[in-house]
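Participant: Below are the sequence and a predicted model for it; my questions follow.
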Amino acid sequence: MYVAVQVLVSGLSSIAATKSVEMIGYKTVALSLMLVVAGLFMAYLTVLRTEGPHMMSLGTTDRHLRTGNLGHRHDHEDHFTRLLKLYQLKMEALQKVTQKTKEPNSICTNSLPSDEECVDLNCVHTEPESLPARLHSVIDTMNSSNVETLNRIMQLKELQVQPTGKRLLFITAASSNHYLEFQAMLKNFHETVAPNFSNYSLIFYDLGLTLQERAEVKKYCNCEVKTFPVLKMEYWMQKLTCYTWKPLIVQANIKAADILVWMDASVRLTMQGLMETLQDVQIQGMVIRKGHGSLAQHTDTRMMSYFNTTSCVYAPYKMSSGGFIFLHNEQFVGGLEY
């Protein structure tokens, strides 16, 4: 079974992170119901392909959906029941430790800055309230999923990963245009993590360094250096600034350790923030840094349509950043095994 991790980055961010978590330097704030659904997205989806007017999911954890055989109703319902039970347990755990996220006071008007969160009084679309209805809403978008591309990619030798045996796995990546920024991140990492932790691994993925830069990383990084097979990707995945390499790297590594920490080259760690977030992620399943800008304004409307929703529902919420992500290796995040 493929671990299905959806990390929607860049302008799209995460459609499901309607009330995201704020961390590192800040105390983590509440996850909403829809952020919990984002956890279920993680259990079901891999990457969203946007190509011209089309958008489709490349993965699902339901083997009957993968093969297109929907006749096994009993098995499908049993799988749904198990997912629903995980969903309910996670909600109960979150409600004990989280607090309500403050709603924006602004009403959406033409005079309001387009990047500001607001409440759209003309929005008639509503999300389902009950947990079973929310889960069905997620699953129903994926019945026509096509995983041929994902199957091929995840079989590439460059994406084969063995368990590290460590509690923490830190992962980062860079090409030449982020090499200097990566060096600053690495210095901060070794000053913060190395003196205080021992049960961890660090992996660096080369997205396009020069030979000299790669040699320097191998010499000074004190990490495992891997090459991401950019040229073996589908043509629409090869543009680095579309960031499809990020969810694939995360998916390949999600079960290699107890907690996976994705760090962009811009990340700078503090010990207090790191310790708080490591505690939070074991309860929440994932911790995603709050980003900037309106989720509704920066999410492609085709993505909203794919998930059977509309932009106005998410007008009150900020985007979540794909640059700093904590994931706990658990069924709710990593998916069910058969």
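Facilitator: Perfect, thanks for sending it. Numbers count the residues shown, from 1 in each chain.

Participant: quick one: average pLDDT of stretch 148-155?
Facilitator: Taken as a whole, stretch 148-155 has an average pLDDT of 86.

Participant: Residue 109: what secondary structure?
Facilitator: coil (DSSP: H, G, I helix; E, B strand; the rest coil).

Participant: which intervals of the stretch 101-250 of the chain have sub-threshold pLDDT?
Facilitator: Counting by pLDDT under 70, the ranges of the stretch 101-250 of the chain that qualify are 101-103, 142-147.

Participant: And the pLDDT for residue 29?
Facilitator: Value for residue 29, per-residue pLDDT: 32.

Participant: And for stretch 178-188, what's in contact with it?
Facilitator: Here stretch 178-188 makes contact (CB atoms under 8 Å, 6 or more residues apart in numbering) with 172, 174, 209, 213, 220-221, 263-269. (C-beta placed from N, C-alpha, C; glycine too.)

Participant: meant to ask about stretch 111-124, not that
Facilitator: Residues from elsewhere that reach stretch 111-124 (CB under 8 Å, 6+ apart): 103-104, 106-109, 293-295, 297, 310, 312-313, 315-318.

Participant: Just the buried ones from those?
Facilitator: 108, 294-295, 297, 310, 312-313, 315-318 (16 or more other CB atoms under 10 Å).

Participant: Tell me the residue in the chain that is farthest from the middle.
Facilitator: residue 111 (33.2 Å; CA atoms, centre = their mean).

Participant: Tell me how many other residues surround the residue lying closest to residue 331 once chain neighbours are set aside.
Facilitator: Computed as CB to CB, 6 or more residues apart in numbering, the closest residue to residue 331 that is not its neighbour in sequence is residue 86, at 5.7 Å. Counted with other CB atoms under 10 Å, residues neighbouring residue 86 total 21.

Participant: Just the buried positions in whatever helix or strand residue 86 lives in, please.
Facilitator: Using DSSP states H and E, residue 86 sits within helix 73-97. Of the residues in helix 73-97, 76, 79, 83-84, 86-87, 90, 94 count as buried by neighbour count, 16+ other CB under 10 Å.

Participant: Repeat that for stretch 170-188.
Facilitator: For stretch 170-188, using 16+ other CB under 10 Å, the buried residues are 170-175, 178-179, 182-183, 185-186.

Participant: Which of those sits closest to residue 160?
Facilitator: Distance to residue 160 across those (CB to CB) is lowest for residue 171, with 15.0 Å.

Participant: Give the other helices and strands that the helix holding residue 86 contacts.
Facilitator: Judged by 3 or more CB pairs under 8 Å, 6 or more residues apart in numbering; DSSP states H and E, helix 73-97 is in contact with helix 33-44, helix 63-67, helix 131-140, helix 271-284, helix 331-334.

Participant: chain center to the longest one: distance?
Facilitator: So the one you mean is helix 271-284. 17 Å (CA atoms, centre = their mean, to the nearest Å).

Participant: Quick one: list the elements packing against the helix or strand just after it.
Facilitator: Going down the chain from helix 271-284, the next helix or strand is strand 286-294, by DSSP H and E. Where contact means 3+ CB pairs under 8 Å, 6+ apart, strand 286-294 is packed against helix 33-44, helix 271-284, strand 318-328.

Participant: do that again at 7 Å, thanks
Facilitator: helix 271-284, strand 318-328 (3 or more CB pairs under 7 Å, 6 or more residues apart in numbering; DSSP states H and E).
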